[in-house]
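Visitor: Have a look at this prediction, sequence included:
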Amino acid sequence: MKLRGRNKIDATFSMSSMTDIVFLLLVFFLLTSPAITPDALDLLLPTAKGKTTHQQNLSVSITKDLDYYVNKDRVGERAVENAIKTALQGQSDPTIILRAEEGVPIQHAVKIMDIANRNRYKIVLAVKPN
């Protein structure tokens, strides 16, 4: 008489629990990744610690009244790019120091940064040390 056991050991592996874990990890990372974006920094300018080590070739200043100055010479908003180009003409590795007063809207500072980017000038934002 042969006696057989009712419990047989099955050698197959069920992937359903593994896929559940992977799915939960995927959902977790998708939900937490927007909280880690580097663009979400809360910056307070124009005060900062430290000093700049760049040699100043040209200074561009913007006042609260939106007056533009290239080295101490007042220029119009439309003539800023030409004044910067003529002042930096013939210099190797030119650098612009941007001095924007605290109440100046950001689009005016970005305009000067765009001029520097198009002409491949280095630009440094001047800040007041703490």
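Guide: Arrived safely, thanks for sending.
Visitor: how many neighbours does Met18 have?
Guide: By other Cβ atoms under 10 Å, the residues close to Met18 number 10. To be clear about C-beta, it is placed using only N, CA and C from the backbone, and glycine gets the same treatment.
Visitor: Quick one: residues contacting it.
Guide: Neighbour list for Met18: empty [criterion: Cβ atoms under 8 Å, 6 or more residues apart in numbering].
Visitor: For Ala79, see how far away it is.
Guide: 67 Å (Cβ to Cβ, to the nearest Å).
Visitor: Which helix or strand in this structure has the lowest average pLDDT?
Guide: Scoring the helices and strands of the chain by mean pLDDT, DSSP states H and E places strand 47-48 at the bottom, with a mean of 52.
Visitor: Can you tell me the element Ala11 falls in?
Guide: Under DSSP states H and E, no helix or strand contains Ala11.
Visitor: for it, phi and psi?
Guide: Dihedral angles of Ala11 (phi, psi; degrees, to the nearest 10) stand at phi -90, psi 0.
Visitor: same check, this time on Val124
Guide: Phi and psi for Val124, reported as degrees, to the nearest 10, are phi -130, psi 130.
Visitor: got any ranges where this structure has weak pLDDT?
Guide: 1-5, 34-56, 129-130 (pLDDT under 70).
Visitor: any chance you could map the strands in it?
Guide: 47-48, 58-62, 68-70, 73-75, 95-100, 122-125, 128-129 (DSSP state E).
Visitor: tell me the angle the second one makes with strand 95-100.
Guide: Angle of strand 58-62 versus strand 95-100, following axes from the mean of the first three to the mean of the last three Cα atoms, to 10 degrees, is 20 degrees.
Visitor: Pairing partners for strand 58-62, with directions?
Guide: Partners of strand 58-62 in the sheet, by DSSP bridges, are strand 68-70 (antiparallel), strand 95-100 (parallel).
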